[in-house]
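Asks: Pasting a predicted model and its sequence here:
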Amino acid sequence: MNADTAILVAISLPMVIALGIAVAGRFSDNLREAVTLFGAAGLAWVVWGMLPDLFAGHRPAVEVSQLMPGISIAFRVEPLGMLFAALASGLWIINSVYSIGYMRANKEKNQTRFYCCFALALAATMGVAFAGNLFTLFLFYEALTLSTYPLVSHKGDAATVRSARIYLGVLLCTSIGLFLPAIIWTYKVAGTGDFTVGGILAGHIGGADVGLLLGLFVFGVGKAAVMPVHRWLPAAMVAPTPVSALLHAVAVVKAGVFTITKIIVYVFGVDFLFAEPSSSWLVYAAAFTIIAASVVALRQQNLKRLLAYSTVAQLSYVVMAAAVLKPLAEVGAAVHMVAHAFGKITLFFAAGAIYTAARKTELGQLRGIGRRMPWTMGAFTVGALSMIGVPPTGGFVSKWYILAGAFEAGNLVAIFTIIASTALNAAYFLPIVYMAWFATEEAGSKAHGEAPPMVVLALTATALLTLGFFFFNGPVIELESQVVREVAQ
Amino acid sequence: MDLTIHLPVLQVIVPMLAAPFVLLLKPRGLAWAGATSVALLSFCIALSMAVTVAGGGHFSYDMGGWPAPYGIELSVGAFSALLLLIVTGAGALSLLAARPSVDQQIEQERQPLFYAAWLLVLAGLVGITVSADAFNIFVFMEISSLASYVLIAGGPDRRALPAVFKYLIMGTIGATFYLIGVGLVYMMTGTLNLADMEARIGGVTDINPILVAAGFITIGLALKAAVFPLHVWLPNAYTHAPHMVTVFLAACATKVAIYVLIRFDFFVFQANLPGHQLQFSLFLLPLALLGILVASSVAMFEGHLKRLLAVSSVAQIGYIMLGASFLTQAGLLASFAHMFNHALAKGGLFLAVACLAIHYRDLRLDQLAGAARSMPLTAAAFVVCGLSLIGIPGTAGFISKWLLIGAALERGFLGFVLVAIILVSSLMALVYIWRVVETLYFKPAVVEAQGPGEAPLQLLLVTWVVALANIGFGLFPQFPLALSSAAAELLLGHTL
């Protein structure tokens, strides 16, 4: 398959899968889930098939529709987007295995709708990843918000609907209220919104306007959850755990930080932004989010909410790394997207496994659970260590690059933040790990074993990926270094 | 004989002459079939003219071979072609879907009358659009208004009667104001043909009567167009009309009045009256903004689904006027594109309401709770069209929002304020649409649906065609934008 058509296939295939799921759901659950699994594998095959082209330095591109002069729906694959798409499509397979185990064991209702919306969310994710200009990116960004809304409100009771309203309200208000005007402003001053190596804004805008436009972008992209627009992420935790795992630890949130990184690299241009003092606030905003979210996470009693606040903090690592505006840090931003994805999806899988097997959701209930669920808590421990950044886990690799970039820039705020947050991460993750393995279980608690095998299989796989990424991260770094080299040329 | 040159006149006389025949079609269903085929034919005529016009063509037709300014002239340029598409499209699609809903609401023996009145409204609206002559515009305006009073009052809802009475009084005041204005201009220039008027006003020595005429015409048409605060007739008339009539009128009726207002202003007054452009802009801009904000706020707290959508129309008319008040190519383009896109979105929403009304007689929001469970396809169509109304990317409504914001940004500091207002009102639209969505999907049902399953296929199918058109024209908006752009150039070319 030609790489240009592969883009269109990658975006339309999940839509076809969604349709297939809807039809298959009428006949049999097994058939429906087979469609999901094979669909996910097919998508990964298509997306991963584009990798050799990217490594060879090609940039596949295709234009679908020119809406108005200068404004078109167009796609162009570059290393950042390729990495994001490969990550999301690959993890979708594992997540589908997990979903099947989880949804069946918990006897969730409306499973066909669930799998359908999941596939649609993946289509939107592919669109975000491959978007060739701001207009196209915005189109799929909003599609991602809307397609995940039914997943967040899945349970349908009053409390869930209220949370889903916060989810939708924050994401749509920020995107329509801030992101959209920023995009239109960009098109007006630059005459284009195409993602271009070296940026498009240099020479068209200057002074305080740069900081203002950057602010509109950063807070407009609510999915990146830079405080104070992070409230939707804890609210989204009412969703079934597979949604929290793939969408609210990988696809949706990474779409946010990916968008910000892409805008910094391909719209502003790293060098242009570095030379502009009015853009320096972004490091402080991200640093504040990292510290504040970690402190809030310390105080959480509910496991999924704790993970959500940890995600808020980890997302700002990516934003901060991108905002350091040094080549090594940009690589670190991309690598951290991967490392965090592996670690956090493992943690969510574990949280869901605990809920499925033991109906436990609060931290206080986890005493001694490691002995009943050794596989789950083993994976959880690996994920937690990766969040802290302990070798041999993936989290160490990305922290290394981000720190190296921060030293290169001489950015003391960033260096201090990384060190402080490492301590904070340890402070809220290690007690859980300790309690699960070494504390004695409360007397009279119900006996239970491991979660269903498909669940355990999935979380073991992602835990292995977290460990493996420490050793085998060469291709990712090679791919992302292309971004830096392109800019330097 | 080349039939193409007769298209402008066929556009009017086909539905007009067909109306009395439809009255004679007594057997069950025949009146509907007759009216629908006529409306579809009208739509085809409009489409073929639009294609020609988009390719740079222009239609001008002298009735009876008498050349203007002595004879009656019909003309179709880009602007009129766009409006004709909206009017005939709305007329044809709503008629195509109408039968189940009309069978439910109108007694069998009164249906031929109902469909005949429908065709007269259609004839009147297209007549206004193709007329190049101020007095004929008035005549067709009266035809469409009188027939639409009949349509609105024709349903089973007795509350439609006071609503239509209010509409009648205010509509007549509007039409009379317009006529007074036209009379004054005629007194000073001795002509009724718009192009001729434009040429002759320049030679008028005493400009005062013309100024008065401009005032009367603007106010009269603004009343017809339901420009805030002259909109008070609209919400009740749309709420209590038969559901399919609401679909038809909400999609196109006020837009035709806006069309005449803009055309009169740009063609006749702006070139000749010093400072008129500024007056027009300063008069409309604040009204448009107030309309957008006030109507959107009201809609957020409205408890009746149809009135909620009707009030939202007042806000949407504000967007159209806002774009026009910029007096720039980008502003007019946004305004005209929004005429088209709003017709799609609001038409689709009211079609979904008509679907709901098949099983839910009471359309207050609290009565509709949980309706999505029994009517999932209808509810999904409502969501799609609602997203288009909000202006979510990928839908037609987004295109006009994008253009409008782009046009506003050309106005410097004021532009930023305008952009803020447009965005805030979009979020208000999000609130009032999402209230409905949450009610349909998540609230526990209060009343049982009066019938099993979905709306009849005929109604549902058209609803989905319109819903998908909202997405289609959001991804491929080239054709309506080409027409809108040509229309904007045409109007501006006149003033420069």
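Replies: Ah, there it is.

Asks: Burial check on the closest residue to chain A within the stretch 201-350 of chain B, number of neighbours?
Replies: Nearest residue of the stretch 201-350 of chain B to chain A, counting by CB to the nearest CB: B:L333, 9.1 Å away. All C-beta atoms are positioned from the backbone trio N, CA, C, and that covers glycine. B:L333: 25 surrounding residues under other CB atoms under 10 Å in any protein chain shown.

Asks: For it, give me its contacts.
Replies: Counting by CB atoms under 8 Å, 6 or more residues apart in numbering or on different chains, B:L333 touches B:323, B:403, B:407, B:481, B:484-485, B:488.

Asks: Which of those sits closest to chain A?
Replies: B:L481 (6.3 Å).

Asks: Could I get the pLDDT score of that closest one?
Replies: Predicted confidence (pLDDT) for B:L481: 91.

Asks: residues touching it, list them.
Replies: Contacts here follow CB under 8 Å, 6+ apart; on that basis B:L481 touches A:67-68, B:333, B:337, B:399.

Asks: distance of the residue of the stretch 201-350 of chain B closest to chain A from A:E63?
Replies: Per CB to CB, to the nearest Å, B:L333 is found 22 Å from A:E63.

Asks: Identify all contacting residues around the strand or helix carrying B:V465.
Replies: Element membership for B:V465 (DSSP states H and E) is helix B:457-475. Residues outside helix B:457-475 that contact it (CB under 8 Å, 6+ apart) are A:64-65, A:67, A:73, B:93-94, B:96-97, B:99-101, B:340-341, B:344-345, B:347-348, B:351-352, B:354-355, B:358, B:377-378, B:380-381, B:384-385, B:387-388, B:393-399, B:454-455, B:480.

Asks: Mark which of these are part of helices, please.
Replies: Taking DSSP state H as the definition of helices, the contacts of helix B:457-475 contribute B:93-94, B:96-97, B:99-101, B:340-341, B:344-345, B:347-348, B:351-352, B:354-355, B:358, B:377-378, B:380-381, B:384-385, B:387-388, B:396-399, B:480.

Asks: near chain A, from those residues?
Replies: B:387, B:399 (CB under 8 Å from any CB of the partner chain).

Asks: follow-up on the earlier one: let me know the pLDDT of the residue of the stretch 201-350 of chain B closest to chain A.
Replies: If you check B:L333, the pLDDT there is 93.

Asks: In contact with the nearest residue to it once chain neighbours are set aside, which residues are there?
Replies: Sequence neighbours aside, B:A488 is the residue nearest to B:L333 in space, at 4.7 Å (criterion: CB to CB, 6 or more residues apart in numbering or on different chains). Counting by CB under 8 Å, 6+ apart, B:A488 touches B:329, B:332-333, B:336.

Asks: Kindly recompute the last result at 10 Å.
Replies: Shown in contact with B:A488 (CB atoms under 10 Å, 6 or more residues apart in numbering or on different chains): B:78-79, B:266, B:323-324, B:328-337.

Asks: for B:A134, same thing?
Replies: B:A134 neighbours (CB under 10 Å, 6+ apart): B:178-179, B:181-183, B:185-186, B:191-194, B:196-197, B:217, B:260, B:264, B:268.

Asks: Which PyMOL command selects the buried ones in those residues?
Replies: With 16 or more other CB atoms under 10 Å in any protein chain shown as the criterion, this PyMOL line picks the buried residues out of the contacts of B:A134:
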select buried, chain B and resi 178+179+181+182+183+185+191+192+193+194+196+197+217+260+264+268
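
Asks: just to revisit the earlier point, from the contacts of helix B:457-475, keep the buried residues only.
Replies: A:64, A:67, A:73, B:93-94, B:96-97, B:99-101, B:340-341, B:344-345, B:347-348, B:351-352, B:354-355, B:358, B:377-378, B:380-381, B:384-385, B:387-388, B:393-399, B:454-455, B:480.

Asks: sec struct for the spatially most central residue of chain B, please.
Replies: For chain B, the residue nearest the mean C-alpha position is B:C252 (2.1 Å; CA atoms, centre = their mean). With DSSP: H, G, I helix; E, B strand; the rest coil as the basis, B:C252 sits in helix.

Asks: Could you do the one 3 residues further on as well?
Replies: Here B:K255 takes the helix state, with states given by three-state DSSP.

Asks: ok, it - how many residues close by?
Replies: The number of residues packed around B:K255, counting by other CB under 10 Å, is 26.

Asks: got the end-to-end distance for stretch B:263-278?
Replies: Stretch B:263-278 has an end-to-end distance of 16 Å (CA to CA, to the nearest Å).
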